[in-house]
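In: Next come a sequence and a model predicted from it.
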Amino acid sequence: MRRAYKFRAWWYGQRKFDYNLTFEKIGKSYSMPLHWCDIQQWTGLLDMTGQEVYEGDILEFFNFDNSRYKIDSVIFKNATFCFVNQ
């Protein structure tokens, strides 16, 4: 089963996310102007409420007794998504 590739953009000036991105095909690759936004890729994961988890999201983890465990940020490093302690 193949996973969908989804992206979102954080527009600095408007201070909001845009989930309807348009990419321009140039040869075998795609491009988009990146001067005013930060592009983030969907990890393919959903949180416990069913929301999609994107690169750059900050996640809060809990132990089995519902005590807060840690807060991490999602990053893409060495060709994989991972968590970095805040």
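Out: Great, that's in hand. All values reported here derive from a predicted model rather than from experimental measurement.
In: Please verify my assumption that Asn10 contacts Asp38.
Out: Actually, residue 10 is Trp. It isn't Asn. Yes. Taking Cβ atoms under 8 Å as the definition, Trp10 is a contact partner of Asp38 at 4.5 Å. C-beta here means a position set from N, CA and C on the backbone, and glycine is covered the same way.
In: Between those two, tell me which one has more neighbours.
Out: Trp10 (16 against 13; other Cβ atoms under 10 Å).
In: Next, show the common contact partners of Trp10 and Asp38.
Out: Gly56 (Cβ atoms under 8 Å, 6 or more residues apart in numbering).
In: partners of Trp10 in the sheet?
Out: Taking DSSP bridges as the rule, Trp10 bridges to Phe17, Asp38.
In: give me every residue that touches it.
Out: 16-17, 37-38, 40, 56.
In: same deal with Tyr54?
Out: Tyr54 neighbours (Cβ under 8 Å, 6+ apart): 8, 40-43, 74.
In: Tell me which helix or strand in this protein has the weakest average pLDDT.
Out: strand 29-31 (a mean of 65; mean pLDDT, DSSP states H and E).
In: my guess is Trp42 meets Gln51, correct?
Out: No. Trp42 lies out of contact with Gln51 (Cβ under 8 Å); the separation is 10.8 Å.
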